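Colleague: coords please:
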Amino acid sequence: MLFNSYVFLFAFLPLSITGFFLTARFNRVAARLWLIVVSFVFYGWWNPIFCLFLAASIAGNYGVSRLIGMTEQTPRRQTLILCAGIATNLAVLGYFKYLMWLAGLVNAALGTRFDTGFIALPLGISFFTFTQIGYLVDCHAGVAGNRKPWNYILFVTFFPHLIAGPILHNQEIMPQFDEPATYRWSSTNMMVGGGIFIAGLLKKTLLADPAGTGIANAFAHPETLPMFAAWESALSYSLQLYFDFSGYSDMAIGLARMFNVTFPMNFDSPYKAASVIDYWQRWHMTLTRYLTRYLYTPIAVAAMRARRARGLPINRAAQQTLAGFCHMIAWPIVATMTLAGIWHGSGAQFLVFGVLHGIYLSVNHAWRLIHGGPNPSSPFRIAHVALTYLCVLVGAVFFRAPSVAAAMSMLGGMVGLHGLGGGMPIPDGLLDAAKVPPLIASLSSIGLVHFGAAWSEIGTSLGILVWFAVLFGIVWLLPNTQQIFARYAPTIEPARPGALFQFRAAVRWAIVLGCGAALAVLSLGGASEFIYFQF
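Modeller: From the prediction side, this is the model:
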């Protein structure tokens, strides 16, 4: 079921909220069971058979968590159970996400005919698998509280985060379900949650979906795109991805808040980042947190222990040497980001995406070791933001392309290998051919402008430029949703300061949100899936 669908907005959501608070008046356990039931309905809306897989995954992981708890006095056995649980989760994830791709590689290389067409990828499998792996690790570390089965099932299935995150930690969410206030109707939380949800819905319907028009065809045939068309396609996709995931993150946070639950922040204006390090601290923040905690840190600690065992230093001076930097910083980062790239999907393009960001981050860390951290008030900040966005844009091309070859072809078009295209149109009769200014004549000679265009072509070109100006203006100049609602602490983490305007309980804001909701609903049309649903 899509958040941006009529059935969700006008049937599922009202029934879910009403049933939760009515049931909570009589019994809190029953209210939790109600949320579990509606979450399974939400998940099984596309294909009910997926509910069986989700239930099996939950039952298996909960069983492993119980075994971990029962073997606290035997650490070695407990660690073996943890490793077996993680390995099983990863094997199941690999079967559904990568077997088809691997079989295709084998078929192409050996001429075999392995059939994997029967494999259907369960929605959100990466998110609920990662959530449960994190829970097992927390159980092993002794920091997972309230291990009752119904609490665990609710933690995994709570529908606002089930399909595309944020990736939650048990200890930050389940204590909220132990609070009596969670089960009492709150007009303030309903107002704030509804406002954040409307903001996300507007991003999806008015910005993300229109920005994605024509992208699929462009990336399917990048070899036909001249420079201007290639740039238009790449920029459009970067904006579609930005507003799509930003919209989903807002909607998830808003939905949870309607149930008096506060989620962690997952999106914080990443295109305003002045470095790739800063970018990953703003983009899919709970994934970055997860990767840092469960992947990067263990790899980095193992690397430092290996150096210490060999009698090598692990201090800052050692990190500034080439060997020390590669061993203690670059290797853990590249390994982590490579696995993060593969997590996003099967295909060599995702591998390249991960390695590319690993290299970006390594170079960024090397720069900081030599020159120190960024200065927010630097007069070159705009240049830093632009360079960071350009690096991210190149990565986004690999992220969207169906293959590495297609990504390289798109990048080739962006640097002019397929020609420049028509350039900026100048309407017929606007300039006297005998008196064309030298600058315009030079631009025409290299294909940046062309004469004799119809006024309709002018309108189309100007419309594209205005559209990009509006979208990038929103991205770079306006506060994000968390900043606008900062007065009401919309997420677990505080929002960044500096919002030009903030939401408050006032008539003018009620009018704004009402108009926004009406506009979002009228813009639904053919509801499209969120990009991160495929992961």
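
Colleague: For stretch 505-513, which outside residues touch it?
Modeller: With C-beta atoms under 8 Å, 6 or more residues apart in numbering as the contact definition, stretch 505-513 has outside contacts at 188, 191, 194-195, 198, 503. To be clear about C-beta, it is placed using only N, CA and C from the backbone, and glycine gets the same treatment.

Colleague: Determine which two of those are furthest apart.
Modeller: The largest separation in these, counting by C-beta to C-beta, is between 188 and 198 at 15.8 Å.

Colleague: neighbour-wise, which of these two wins?
Modeller: Summary of the neighbour comparison: residue 188 and residue 198, criterion other C-beta atoms under 10 Å, with residue 198 having more neighbours (24 against 11).

Colleague: measure that one to residue 417 for me?
Modeller: Relative to residue 417, residue 198 is positioned 44 Å away (criterion: C-beta to C-beta, to the nearest Å).

Colleague: what's the answer for residue 272, then?
Modeller: From residue 272 over to residue 417 (counting by C-beta to C-beta), the distance is 31 Å.

Colleague: I'd guessed residue 6 sits against residue 522; true?
Modeller: No. Using C-beta atoms under 8 Å, residue 6 makes no contact with residue 522, being 11.6 Å away.

Colleague: which residues of the chain score low on pLDDT?
Modeller: Residue ranges of the chain with pLDDT under 70: 116-118, 146, 374-377, 422-459, 526-527, 535.

Colleague: The stretch 351-500 of the chain: helices as residue ranges?
Modeller: Assignment of helices within the stretch 351-500 of the chain using DSSP state H, counting those that start in this stretch yields the ranges 381-400, 404-414, 438-445, 455-477, 481-484.

Colleague: Next, the buried residues of the first one.
Modeller: Which is helix 381-400. Within helix 381-400, the residues scored as buried using 16 or more other C-beta atoms under 10 Å are 384-385, 388-389, 391-400.

Colleague: Compile those into TSV and extend it with columns for distance to residue 477.
Modeller: As requested, those are exported to TSV (distance: C-beta to C-beta, whole Å):
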residue	distance to residue 477
384	17
385	12
388	17
389	14
391	21
392	18
393	19
394	24
395	24
396	21
397	25
398	28
399	25
400	25
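
Colleague: Identify, from the residues you listed, the entry nearest to residue 463.
Modeller: The shortest gap between residue 463 and any of those belongs to residue 393, at 21.9 Å (C-beta to C-beta).

Colleague: Name the nearest residue to the closest one, sequence neighbours excluded.
Modeller: With sequence-adjacent residues excluded and distances taken as C-beta to C-beta, 6 or more residues apart in numbering, residue 393 is closest to residue 238, at 5.4 Å.

Colleague: Report the secondary structure state of that neighbour.
Modeller: Per DSSP: H, G, I helix; E, B strand; the rest coil, the secondary structure class of residue 238 is helix.

Colleague: Can you report how many residues lie near it?
Modeller: Using other C-beta under 10 Å as the criterion, residue 238 is surrounded by 23 other residues.

Colleague: List the residues that contact the residue nearest in space to the middle of the chain.
Modeller: Central residue check for the chain by C-alpha atoms, centre = their mean: the C-alpha nearest the mean position is that of residue 284, 4.4 Å away. With contact set as C-beta under 8 Å, 6+ apart, residue 284 has these partners: 165, 245, 266-267.

Colleague: on that earlier part again, which one of residue 272 and residue 417 is surrounded by more residues?
Modeller: Counted by other C-beta under 10 Å, residue 272 and residue 417 do not tie: residue 272 has more neighbours, with 18 against 14.

Colleague: Let me see the backbone angles for residue 169.
Modeller: Per-residue torsions, residue 169: phi -110, psi 140 (degrees, to the nearest 10).

Colleague: That one contacts residue 139, doesn't it?
Modeller: No. In this structure, residue 169 is not within contact of residue 139 by C-beta under 8 Å, at 11.8 Å.

Colleague: the more surrounded of the two?
Modeller: Taking other C-beta under 10 Å, residue 169 and residue 139 do not tie; residue 139 has more neighbours (25 against 21).

Colleague: Pull up the gap between that one and residue 12, please.
Modeller: The span separating residue 139 from residue 12 equals 32 Å under the rule C-beta to C-beta.

Colleague: Give me the three-state assignment for residue 30.
Modeller: Reduced to three states by three-state DSSP, residue 30 is helix.

Colleague: for the closest residue to it other than its chain neighbours, what are its contacts?
Modeller: In space, not counting the residues next to it along the chain, residue 30 is nearest to residue 23; the distance is 4.8 Å by C-beta to C-beta, 6+ apart. By C-beta under 8 Å, 6+ apart, residue 23 lies in contact with 30-31, 34.

Colleague: Ramachandran angles for residue 23?
Modeller: Per-residue torsions, residue 23: phi -60, psi -40 (degrees, to the nearest 10).

Colleague: Check residue 267 too.
Modeller: With angles defined as degrees, to the nearest 10, residue 267 sits at phi -160, psi 120.

Colleague: Please tell me how far the closest residue to it other than its chain neighbours sits from residue 532.
Modeller: Of all residues not flanking residue 267 in the chain, residue 249 sits nearest, at 4.0 Å (C-beta to C-beta, 6+ apart). Taking C-beta to C-beta as the measure, residue 249 and residue 532 are separated by 9 Å.

Colleague: Kindly report the same for residue 288.
Modeller: Plainly put, residue 288 is 14 Å away from residue 532 if you go by C-beta to C-beta.

Colleague: Residue 279 too?
Modeller: 17 Å.

Colleague: Looking at these two, which is more packed in?
Modeller: The residue with more neighbours, out of residue 279 and residue 532, is residue 279; 24 against 20, by other C-beta under 10 Å.

Colleague: So which elements touch whichever helix or strand that one is part of?
Modeller: Counting by DSSP states H and E, the element that carries residue 279 is helix 276-280. With contacts defined as 3 or more C-beta pairs under 8 Å, 6 or more residues apart in numbering; DSSP states H and E, the secondary structure elements packing on helix 276-280 are helix 348-371, helix 381-400.

Colleague: and the angle for the first one with helix 404-414?
Modeller: In terms of direction (axes from the mean of the first three to the mean of the last three C-alpha atoms, to 10 degrees), helix 348-371 departs from helix 404-414 by 60 degrees.

Colleague: Now do helix 348-371: which elements does it pack against?
Modeller: Contacts of helix 348-371 with other secondary structure elements, assessed using 3+ C-beta pairs under 8 Å, 6+ apart, are made with helix 276-280, helix 322-325, helix 331-344, helix 381-400, helix 404-414.

Colleague: run the last query once more with 7 Å
Modeller: Helices and strands touching helix 348-371, by 3 or more C-beta pairs under 7 Å, 6 or more residues apart in numbering; DSSP states H and E, are helix 276-280, helix 331-344, helix 381-400, helix 404-414.

Colleague: cool, and the shortest one?
Modeller: Identification of packing neighbours for helix 381-400 by 3+ C-beta pairs under 7 Å, 6+ apart yields helix 227-258, helix 276-280, helix 348-371, helix 404-414.

Colleague: Export it to PDB, keeping only CA atoms.
Modeller: What follows is helix 381-400, C-alpha atoms only, in PDB (Å, rounded to 0.1, in the frame of the first residue of the first chain):
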ATOM      1  CA  ARG A 381      31.400  27.400   1.000                       C
ATOM      2  CA  ILE A 382      29.200  27.800  -2.100                       C
ATOM      3  CA  ALA A 383      32.000  26.200  -4.100                       C
ATOM      4  CA  HIS A 384      32.300  23.400  -1.600                       C
ATOM      5  CA  VAL A 385      28.600  22.700  -1.800                       C
ATOM      6  CA  ALA A 386      28.700  22.800  -5.600                       C
ATOM      7  CA  LEU A 387      31.600  20.400  -5.700                       C
ATOM      8  CA  THR A 388      29.900  18.000  -3.300                       C
ATOM      9  CA  TYR A 389      26.700  18.100  -5.300                       C
ATOM     10  CA  LEU A 390      28.700  17.300  -8.500                       C
ATOM     11  CA  CYS A 391      30.400  14.300  -6.900                       C
ATOM     12  CA  VAL A 392      27.000  13.100  -5.600                       C
ATOM     13  CA  LEU A 393      25.500  13.600  -9.100                       C
ATOM     14  CA  VAL A 394      28.100  11.400 -10.700                       C
ATOM     15  CA  GLY A 395      27.300   8.700  -8.100                       C
ATOM     16  CA  ALA A 396      23.500   9.200  -8.700                       C
ATOM     17  CA  VAL A 397      24.100   8.300 -12.400                       C
ATOM     18  CA  PHE A 398      25.500   4.900 -11.500                       C
ATOM     19  CA  PHE A 399      22.700   4.600  -8.900                       C
ATOM     20  CA  ARG A 400      20.000   5.000 -11.500                       C
END
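
Colleague: Fine by me, thanks again.
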